[in-house]
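Enquirer: Structural data only, the sequence is not supplied:
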Ligand SMILES: C[S@@+](CC[C@H](N)C(=O)[O-])C[C@H]1O[C@@H](n2cnc3c(N)ncnc32)[C@H](O)[C@@H]1O
């Protein structure tokens, strides 16, 4: 008969246990030795969020904003605490609010003066100095780039870094939502070709202002015009690749949780889709790139 050893192993006193050292990659704080503790962090290419998060200072006041969960996921995977996020289409400042909530910093550029001023008010005077810089400028311009560089020089002084650690690009989806009448506005281009060209200029500024080895996120949806699917996402992805960014992921994000996308006109669109031989968009993209 096999004898079982009933002797109990002496319990190790907690204070004598040797803590495992943390193991992280260069661009985030996820401890790979405790990777099972990060269940909330996504690693797959299908993102579904049933509702828009309204906690932590977010509101849904701006038509065309992204849901805060996108920023949360990106910051977990592609930033460290204290890192600087550069958002070249700041809109209502979702990326800035989430940066403050998660101990990151942010520089946001927005073309519309009144919108930039409105976003500024979301942050305390102290946060405006140390955490979030709002710049009113055309992100495709040299002046816009210089203003960002000035802000980077100030925010990065302590760490000795003069580049951003994550780039966020959430441009207008061509002319689907018109944000202003300004000629520099990407939602106001005469053609989709012009939209791609202007997007390329913004992306080039972003590339130059981003630290090597770091990530860029492009959030974009496609459009349907003249009985054709216009793949804006893939068009912009090609522009990113031309600049030297390598593609790391193409994530499909279910946009039904965006709320505003839940239209009352669902039946009308269903009829149109059946009659016109097309499909109704229920997704947008979160495309990830790395500057190598
Ligand atoms: C899709 S929205 C971004 C929304 C933002 N992610 C948020 O959560 O609120 C695009 C924004 O880009 C701005 N924009 C358009 N062209 C621009 C340009 N050339 N430079 C800077 N901002 C621009 C628009 O005014 C608009 O606020």
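Expert: It's in. In this text the structure is predicted, and so the values were computed from the model without any measurement.
Enquirer: any idea whether the residue of the chain found nearest the ligand is helix, strand or coil?
Expert: Minimum separation of the chain from the ligand (C-beta to the nearest ligand atom) falls at residue 91, amounting to 2.6 Å. (C-beta placed from N, C-alpha, C; glycine too.) Following DSSP: H, G, I helix; E, B strand; the rest coil, we place residue 91 in the coil state.
Enquirer: so what's residue 214 closest to, chain neighbours aside?
Expert: In this structure, residue 214 finds its nearest non-sequential neighbour in residue 165, 5.2 Å apart by C-beta to C-beta, 6 or more residues apart in numbering.
Enquirer: my guess is that neighbour meets residue 213, correct?
Expert: No. Residue 165 is beyond contact range of residue 213, at 9.4 Å (criterion: C-beta atoms under 8 Å).
Enquirer: shared neighbours, these two?
Expert: residue 27 (C-beta atoms under 8 Å, 6 or more residues apart in numbering).
Enquirer: per-residue confidence at the residue of the chain closest to the ligand?
Expert: Looking at residue 91, its pLDDT reads 97.
Enquirer: Next, the contact list for residue 289, please.
Expert: The contact partners of residue 289, by C-beta under 8 Å, 6+ apart, come to 215-218, 240-241, 245-248.
Enquirer: ok, of those, which come out buried?
Expert: 215-218, 240, 245 (16 or more other C-beta atoms under 10 Å).
Enquirer: With distance to the ligand added, can I get the residues you listed in JSON lines?
Expert: Listed next are the buried ones among the contacts of residue 289 as JSON lines, based on distance: C-beta to the nearest ligand atom, whole Å:
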{"residue": "215", "distance to the ligand": "17"}
{"residue": "216", "distance to the ligand": "14"}
{"residue": "217", "distance to the ligand": "11"}
{"residue": "218", "distance to the ligand": "11"}
{"residue": "240", "distance to the ligand": "17"}
{"residue": "245", "distance to the ligand": "19"}
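Enquirer: so residue 217, which of the three states?
Expert: Going by three-state DSSP: residue 217 is strand.
Enquirer: quick one: contacts for it?
Expert: Applying C-beta under 8 Å, 6+ apart, the residues contacting residue 217 are 70, 74, 78, 166-169, 286-289.
Enquirer: Could you do residue 213 as well?
Expert: 26-27, 290-292.
Enquirer: Doesn't it belong to a strand?
Expert: Yes. With three-state DSSP as the criterion, residue 213 is located in a strand.
Enquirer: List the buried residues of the longest helix seen in the chain.
Expert: Counting by DSSP state H, the longest helix found in the chain is helix 192-209. By neighbour count, with 16+ other C-beta under 10 Å as the criterion, the buried positions of helix 192-209 are 195-196, 198-207, 209.
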